[in-house]
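Engineer: pasting a predicted model and its sequence here:
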Protein chains: 2
Amino acid sequence: MTLDLSLPAPELTAAICDINSVSGNERDLADAVESALAGFGHLSVSRSGDTVVARTELGLSERVVIAGHLDTVPVAGNLPTRREGAVLWGRGTVDMKGGVAVMLRLAASVGTPRRDVTYVFYDHEEVEADRNGLGRISRESPDLLAGDFAVLMEPTAAAVEGGCNGTMKATVTLRGTASHSARWWMGSNAIHAAGDVLDRLRRYEPQVIEVDGLTYREGLNAVDIAGGIAGNVIPDHCVVSVNYRFAPSRSEADAEAHVRDVFAGFEVAVADSAPGARPGLTHPAVASFVAAVGGTPRAKYGWTDVARFSALGLPAVNYGPGDPSLAHHDDERVDVGEIEQCEARLRAWLAGEQ
Amino acid sequence: MTLDLSLPAPELTAAICDINSVSGNERDLADAVESALAGFGHLSVSRSGDTVVARTELGLSERVVIAGHLDTVPVAGNLPTRREGAVLWGRGTVDMKGGVAVMLRLAASVGTPRRDVTYVFYDHEEVEADRNGLGRISRESPDLLAGDFAVLMEPTAAAVEGGCNGTMKATVTLRGTASHSARWWMGSNAIHAAGDVLDRLRRYEPQVIEVDGLTYREGLNAVDIAGGIAGNVIPDHCVVSVNYRFAPSRSEADAEAHVRDVFAGFEVAVADSAPGARPGLTHPAVASFVAAVGGTPRAKYGWTDVARFSALGLPAVNYGPGDPSLAHHDDERVDVGEIEQCEARLRAWLAGEQ
């Protein structure tokens, strides 16, 4: 599969979406990205697993990192893409192959940017944090991510979104005693015991927290439940998996303490977590970017890899085409005008007169 | 594998338990039963699937059907059996290979019973009702089950237990709207919605109902729960499976109406059901059996295939070795004295002087 980077960004987005790259299956798309960029003399291209990094090496005084992930959540009968007027439908159109298309177009065509640019196309963003390609590069080759400022092209409906909420996955395990269901009083039903866990989730009042002038909305939700042995057996265990999205003013330790407090008295285990990122909009490099692309910055709700740049010391914002509330939906779709707008504004910022 | 029917019943029970016959995997045991009985001239042996029927054909005026199932629920690290003094531990020791051993011993050694006997060893009792081997025979060859009275050797701790509760499996399905869990307010959480179902189950007050002089205890329990799409997605469905055990005074239609009433407002579907059986202890044939084996009859809580004999017009009781409250438990075990007692009393009843 090859990608024609001379296609307009909306058509290029459709071509990228049509290369299935559900997490773990990014190789075909990474190959296509690598080979599409390999021919440009102004780029130094490297590959690690299914992550591709392309850098200009002009020796300029400032360097910006522009990053986007290649993978998507599972396809739900929504590929191949279809175009209806100004709307492109299908898995990946929002999260986040429109941004990938813009990055590819800029990498290919902006040969003399006003600041050096590092384009990072990475794998495994939609799964457990420890498989994340950007995380892997930051551990193995942090120099590849060096810079003064980072733009992560996650969907923001072409607005600047600062920072992000943190995210934590935890399990609450209920234990009972198995018995034949005809003599249920000899056992103890672990699924019934989960009723109290679900009641706490239904009563839970998520907080809204202001950080550095932006407003973050938290949430605590069950994302999985499983219990049962057989149709005639009182179940002796049930596991409720929950996902806590927490404001960037809380550390991961704060978040864990909060989850344990909500489920006090139950068996709680943290499965996975990633810290949030404060908005960082007061940093001069971020302020100049915001001024260049326009609009009023707002808070990012979803956890994004801006937190990884934040941990590396780079201020970073989210900026990309697509309505983030449609990410992961079966009816994921993008207004192609947003893709064109993001490309035009980033191009002006990167290539425009000093 | 061969079975030596000259072994004492406890040792024969251990040998039968050690032939794994979890539902769907009864063939080895059915083969062993068929070949063990094939050599006796006083028996007419037939086979259907993994059900074996052995009949005396003496032309006597009365015929009793003695039945037991060959399958067990899944093994839970409790095979092979182990013997500790008078206790035999392991899957099947209670439900119900002690009864099968007694049947085999009687079939082999009581060549001139005072009434003709039909021994039925059948498959698929521990799974969905429509796979039950006794049900299959009753549909395909009802003549094989003809008789005046039936004894089902389900575990009763060597007491006569009359009738049985009915059983119904139903699902309650919750539907929501999927969304990214970082923007949970765009979705609707189906697992949270299941909290109300579990609350109703926890508040439910099961009834105790007297039928024909025996007391039946009902129960309504969740036996399975499943919901969830991915760790970062608000789940759009959740299914709670429930098992209702109902007194034999209720029909299956009554039972369904009751379940629908308990879960009014929810999407309810009946997956499987089987009617109960009234105790029938006033029938002369049943009364004479009770007098012969002794003790005070009580109600059977678990659903058993006495209901199938009841539907065919045969009065039937449960009578077999093993504490039924240990059926399906990981620590299933039997006092071998009960096996010996059941064999002795049935032998006296079948072979004793008129």
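Structural biologist: Sure, I can see it. Numbers count the residues shown, from 1 in each chain, chains lettered A, B, ... in the order given.

Engineer: point out the residues in the stretch 51-200 of chain A that sit beside chain B.
Structural biologist: Contact residues (C-beta under 8 Å from any C-beta of the partner chain) of the stretch 51-200 of chain A with chain B: A:73-74, A:126, A:128, A:165, A:167, A:169, A:178-186, A:189, A:191-192, A:194-195, A:198-199. Every residue, glycine included, has its C-beta placed from N, CA and C.

Engineer: ok, A:G302 - contacts?
Structural biologist: Contacts for A:G302 (C-beta atoms under 8 Å, 6 or more residues apart in numbering or on different chains) come out as A:154, A:164-165, A:245, A:324, A:327, B:180, B:182-183.

Engineer: please flag which of the residues of the stretch 51-200 of chain A next to chain B sit within strands.
Structural biologist: A:167, A:169, A:179-180 (DSSP state E).

Engineer: which of these has the most neighbours?
Structural biologist: The residue in those with the most neighbours, by other C-beta atoms under 10 Å in any protein chain shown, is A:T167 (26 neighbours).

Engineer: stretch A:315-328 and chain B, any residue contact?
Structural biologist: Yes - contact of stretch A:315-328 with chain B (C-beta under 8 Å from any C-beta) involves A:324-325, A:327-328.

Engineer: again with stretch A:238-251
Structural biologist: Yes - for stretch A:238-251, a contact with chain B is found by C-beta under 8 Å from any C-beta, at A:238, A:240-241, A:243, A:245.

Engineer: neighbours of A:A36, how many?
Structural biologist: 21.

Engineer: could you confirm it falls within a helix?
Structural biologist: Yes - secondary structure of A:A36 (DSSP: H, G, I helix; E, B strand; the rest coil): part of a helix.

Engineer: quick one: pLDDT of the closest residue to it other than its chain neighbours?
Structural biologist: Among residues not flanking A:A36 along the chain, A:L3 sits closest, at 4.4 Å (C-beta to C-beta, 6 or more residues apart in numbering or on different chains). According to the prediction, A:L3 has pLDDT 96.

Engineer: tell me the phi and psi of the spatially most central residue of chain A?
Structural biologist: Centroid-nearest residue in chain A, with C-alpha atoms, centre = their mean: A:T304, separated by 4.2 Å. The phi/psi pair for A:T304 (degrees, to the nearest 10) reads phi -140, psi 170.

Engineer: dump the residues of stretch A:238-251 next to chain B into a markdown table; add pLDDT, secondary structure and neighbour count as well.
Structural biologist: A markdown table is the format used below for the residues of stretch A:238-251 next to chain B (pLDDT from 0 to 100; DSSP: H, G, I helix; E, B strand; the rest coil; neighbours: other C-beta atoms under 10 Å in any protein chain shown):
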| residue | pLDDT | secondary structure | neighbour count |
| --- | --- | --- | --- |
| A:C238 | 98 | strand | 26 |
| A:V240 | 98 | strand | 27 |
| A:S241 | 98 | strand | 20 |
| A:N243 | 98 | strand | 25 |
| A:R245 | 97 | strand | 27 |
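
Engineer: all strands for the stretch 101-250 of chain A, in order.
Structural biologist: Using DSSP state E, counting those that start in this stretch, the strands of the stretch 101-250 of chain A run over A:116-122, A:149-152, A:161-162, A:166-175, A:179-180, A:208-211, A:214-217, A:219-228, A:233-234, A:237-246.

Engineer: can you tell me which of the contacts of A:G302 has the most neighbours?
Structural biologist: That'd be A:C164 among the contacts of A:G302, by other C-beta under 10 Å, with 32 neighbours.

Engineer: what bridges to that residue?
Structural biologist: Under DSSP bridges, the beta-bridge partners of A:C164 are A:A277.

Engineer: contact partners for it?
Structural biologist: By C-beta under 8 Å, 6+ apart, the contact set of A:C164 is A:248, A:276-277, A:300-304, A:306-307, A:318.

Engineer: quick one: contacts for the nearest residue to A:S141 once chain neighbours are set aside?
Structural biologist: Nearest in space to A:S141, with sequence neighbours left out and distances taken as C-beta to C-beta, 6+ apart, is A:S48 at 6.9 Å. Going by C-beta under 8 Å, 6+ apart, A:S48 touches A:133, A:136-137, A:140-141.

Engineer: how near is A:S48 to chain B?
Structural biologist: Using C-beta to the nearest C-beta, to the nearest Å, A:S48 is found at 25 Å from chain B.

Engineer: ok, now how distant is that residue from A:G135?
Structural biologist: The gap separating A:S48 from A:G135 is 12 Å, by C-beta to C-beta, to the nearest Å.

Engineer: and A:I225, by the same measure?
Structural biologist: 29 Å.

Engineer: now A:R333
Structural biologist: Counting by C-beta to C-beta, the gap from A:R333 to A:G135 is 29 Å.

Engineer: just A:M103 next, same as before
Structural biologist: From A:M103 to A:G135 the distance is 19 Å (C-beta to C-beta).

Engineer: quick one, which of these two is more surrounded?
Structural biologist: Neighbour totals were compared for A:M103 and A:G135, and A:M103 leads with 28 against 18 (other C-beta under 10 Å).

Engineer: how about low-confidence regions in the stretch 251-354 of chain A?
Structural biologist: Within the stretch 251-354 of chain A, the stretches with pLDDT under 70 are A:353-354.

Engineer: kindly export the lengthiest helix in chain A (C-alpha atoms) in CSV.
Structural biologist: Looking across chain A with DSSP state H, the single longest helix is helix A:336-351. What follows is helix A:336-351, C-alpha atoms only, in CSV (Å, rounded to 0.1, in the frame of the first residue of the first chain):
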residue,chain,number,x,y,z
VAL,A,336,-13.3,17.9,6.0
GLY,A,337,-13.2,21.7,6.3
GLU,A,338,-11.6,21.2,9.7
ILE,A,339,-8.8,19.1,8.2
GLU,A,340,-8.2,21.8,5.6
GLN,A,341,-8.3,24.5,8.2
CYS,A,342,-5.8,22.8,10.5
GLU,A,343,-3.4,22.2,7.5
ALA,A,344,-3.7,25.8,6.4
ARG,A,345,-3.0,27.3,9.9
LEU,A,346,-0.2,25.0,10.7
ARG,A,347,1.4,25.6,7.3
ALA,A,348,1.2,29.4,7.8
TRP,A,349,2.7,29.1,11.3
LEU,A,350,5.5,26.8,10.2
ALA,A,351,6.3,28.3,6.8
